[in-house]
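> here is my input; please provide its structure:
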Amino acid sequence: MLAASPIGPASGGKSLDRAGIRLSYWWRHGRLPNLDDPRLFTEWIQYRKLHDRDPRMPILADKVAVKAWVAARLGADWVIPTLWHGAMLPSAAVWPTPFVVKARHGCNQSRFVFDDAAAWLAVRRDAARWMRKRYGGWLSEWLYHDIPRGLLVEPFVGVDATLPVDYKFFVFAGRVEYVQVHLGRGARHRWIVFDREWRRLSRRTEDPDPARPNALVRMMAAAETLGQGFTFVRVDLYDGANGPLFGEMTFYPGSGLDRCDPVSLDTRMGRDWQLALEHPAARAAA
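Numbers count the residues shown, from 1 in each chain. As a prediction, the model looks like this:
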């Protein structure tokens, strides 16, 4: 079993990475990040890019390799089966629809295939483009460099053509503190942030608060099991028709470039990160 490698200045970061991180952060947030004494959640993500070289992270961000790791801890019923994985999609789809094509080595690289055979050429073009280069370089997300470039196919776990609700659990030192609920995926995508007691923390919008999922306690326990031994990780789960399912583990949510609304949430989550560093055992036991 791989040992933890905590964040620390000894790993350092190239000046080019530091400059690029400062520029991209300023572009999205309208201010420069504090990379030497981070306080905000979005700043801690930039700090992790520069300093954290935990050897487990590339394995757990690999959409193929992570499945065996999750199955060993939660059970095989939590894992969406892999129908195929390789480097080049076949000239014709050979899997029953609906299914999903993903890149194993990056984020936001997926295509849903329902029953339109004419779309397969476009899917193959997209997949070939994903394979041409490694992911994450321009945002200094080092862990993706160590994931083999590849593709995988999974069965679609939504109902009809509707994507399942995506629950993203923010786990600090083995304890879930926030749940980000993603709505309207594939259409008008938006999200709402709740605390672990299902109290809304993000700003009020036209969306009513979604109902607390029946499997929330079970999903939180699973996320905390997977998050043990990390200062922070986001664990994504689906509440499927036959029970919860694992989605992925993310160490740089939104690359730290998504804005928190309200901004005070950025401060609150940054404080959670700091406390997880200072008192990891006490936090996990809370």
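
> state the distance from the nearest residue to I147 once chain neighbours are set aside to M57.
Using Cβ to Cβ, 6 or more residues apart in numbering and skipping the chain neighbours, the partner closest in space to I147 is H105 (4.1 Å). For every residue, glycine as well, the C-beta is placed using N, CA and C. Applying Cβ to Cβ, to the nearest Å, the value for H105 to M57 is 13 Å.

> I figured the residue nearest to I147 was touching D62, is that so?
Yes: contact status for H105 versus D62: in contact at 7.0 Å, counting by Cβ atoms under 8 Å.

> give me the common contacts of these two.
Counting by Cβ atoms under 8 Å, 6 or more residues apart in numbering, the contacts common to H105 and D62 are 147-148.

> for the two, indicate the residue with more neighbours.
Between H105 and D62, counting by other Cβ atoms under 10 Å, H105 is the more crowded of the two (25 against 22).

> so is the more buried one in a helix, a strand, or just coil?
coil (DSSP: H, G, I helix; E, B strand; the rest coil).

> so what's it up against?
H105 makes contacts with 62-63, 130, 134-135, 144, 147-150, as judged by Cβ under 8 Å, 6+ apart.

> can you redo those residues as TSV with secondary structure and distance to R218?
TSV is the format used below for those (DSSP: H, G, I helix; E, B strand; the rest coil; distance: Cβ to Cβ, whole Å):
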residue	secondary structure	distance to R218
D62	coil	25
K63	coil	23
W130	helix	33
R134	coil	36
Y135	coil	31
Y144	helix	30
I147	coil	29
P148	coil	32
R149	coil	34
G150	coil	31
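
> what is the nearest of those to G75?
Relative to G75, the closest of these is K63; by Cβ to Cβ it sits at 18.7 Å.

> many thanks, I have nothing further to ask.
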